[in-house]
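Chemist: I would like to see how this sequence folds:
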Amino acid sequence: MSLPLVYRRRVGEDLASAFAYYEEQLEGLGERFLSAVASTFDAIERYPEMFAKVRGDVRRAITSQFPYAVFYRAEASRIVVFRVLHTARDPRAWPRTRRPAR
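Modeler: Coordinates of the predicted model:
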């Protein structure tokens, strides 16, 4: 049984920004990006322990075909997705993960 994913508000902002960037580069590339991220979300949902811990109990899953990482924490009843960031960004720039998910 897989755990439900809960997304922090910033995840939507991260995805919208990256989508817009890729669509500017090539029409349809933004859709391919979102598809790759959705596949990563599916993998996290099915196998939350598969990806490496990077800070405390926060894990990082790298998307295929795009240089983006999904940062999340698996809890007892859910998986909280904190951010979807370009791998060149400093992960320390994103907010602390101690606040409850919304």
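
Chemist: Bridged to the residue nearest to the spatial centre of the chain, which residues?
Modeler: Using C-alpha atoms, centre = their mean, the residue of the chain that lies closest to the mean C-alpha position is residue 70, 2.5 Å off. Using DSSP bridges, the bridge partners assigned to residue 70 are residue 61, residue 84.

Chemist: Would you agree it is in contact with residue 40?
Modeler: Yes - checked against C-beta atoms under 8 Å, the pair residue 70 and residue 40 is within contact range at 5.3 Å. Placement of C-beta: from N, CA and C, glycine included.

Chemist: buried residues in the helix or strand bottoming out on mean pLDDT in the chain?
Modeler: Every helix and strand in the chain was compared by mean pLDDT, DSSP states H and E; the lowest is strand 53-55, with a mean of 92. Residues of strand 53-55 classed as buried: none (neighbour count, 16 or more other C-beta atoms under 10 Å).

Chemist: State the distance from residue 5 to residue 88.
Modeler: 25 Å (C-beta to C-beta, to the nearest Å).
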